[in-house]
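Colleague: Prediction below, plus the sequence it came from.
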Amino acid sequence: MAILMAPSILSADFLNLEREVQVVAENGADFIHFDVMDGHFVSNLTLGVPFVAGFKRITNVPLDVHLMVSNPEEQVPWYIMAGADLITIHREACDDPAPILEMIRDAGVLCGLAINPETPVELATDYLDRLDVIMVMSVYPGFGGQSFIPGCAEKIAHIASECKARGISPVIEVDGGINAQTVKLAAAAGATMFVAGNAIFGKTDRVGAMEAIRKSAASAI
Ligand code: DX5
Ligand code: ZN
């Protein structure tokens, strides 16, 4: 499967977001990763709907909206309307993700399910058949710039083998602490979509940093 790079604008310069999005969008980003935090599901608070709508006006690169919110069923319709191309909800945020995933799908938007580091993969495997993307969090959600939790590579491997056994191929996305070193662990385990915030926007040469991660992932697959 193709390697997909999704720079997370959480670590970008918020006072210059248009420029920040464009520099990665025009230089090979496959998705723009957009972290929505509600101050409740996670303690941090970030950007919301108007920014997704705004990004939609300035780029054709698909928007990967990661909803770290407590009530995804209420918020999903807003992000569909704003133009999200992929919407990922958290397994921990809902008793039954199935109807919400269906709502996303029915709107013609790609659907994803995320699991936190402490959440057993078994809580997500029931839904694998209806997912475009399964996202393994490799840090505790809430903040950029944290260190990759190595045990998460085993969860990726478990999901990859489960998908193989079932003959399905949702994209396995990994989010948190990804850089040119840690990406190798995630790629070797079976992830093909890589979110990186600090390792891209924390560097002066954002494009070079993104390409270094992509090359490193390719070398490990
Ligand atoms: C964390 C967010 C991540 C974050 C990753 O809760 O979901 O997308 O931006 O940032 P880095 O790559 O810096 O760990
Ligand atoms: Zn994220």
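Modeller: Yep, that arrived. Residues are numbered from 1 along each chain as shown. Ligands and ions are numbered 1, 2, ... in the order given.

Colleague: Contact residues of this structure facing ligand 1?
Modeller: 8, 10-11, 33, 35, 66, 139, 141-142, 144-146, 175-178, 195-199 (Cβ under 6 Å from any ligand atom). Any C-beta I mention is one placed from the backbone N, CA and C, and that applies to glycine too.

Colleague: Is it possible to mark the buried ones in those?
Modeller: 8, 10-11, 33, 35, 66, 139, 141-142, 144, 175-178, 195-199 (16 or more other Cβ atoms under 10 Å).

Colleague: Tell me which residues touch residue 163, please.
Modeller: If a contact means Cβ atoms under 8 Å, 6 or more residues apart in numbering, then residue 163 has 128, 169-170, 172 as its contacts.

Colleague: would you say it is within a helix?
Modeller: Yes: assessed by DSSP: H, G, I helix; E, B strand; the rest coil, residue 163 belongs to a helix.

Colleague: Let's see which of the buried ones among the residues of the chain next to ligand 1 end up in helices.
Modeller: Taking DSSP state H, the ones among these that sit in helices are 198-199.

Colleague: Tell me how far residue 38 lies from residue 147.
Modeller: 24 Å (Cβ to Cβ, to the nearest Å).

Colleague: more crowded one of the two?
Modeller: More crowded of residue 38 and residue 147, by other Cβ atoms under 10 Å: residue 38, with 19 against 11.

Colleague: quick one: contacts for that one?
Modeller: Going by Cβ under 8 Å, 6+ apart, residue 38 touches 45, 68-70.

Colleague: Including secondary structure, could these go into TSV?
Modeller: Converted to TSV, those look like this (three-state DSSP):
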residue	secondary structure
45	strand
68	strand
69	coil
70	coil
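
Colleague: all helices of this structure, in order?
Modeller: With DSSP H as the criterion, the chain has helices spanning 17-25, 49-58, 72-82, 98-106, 122-125, 152-166, 182-189, 198-201, 206-220.

Colleague: Of these, flag the one that's most buried.
Modeller: helix 198-201 (a mean of 24; mean count of other Cβ atoms under 10 Å).
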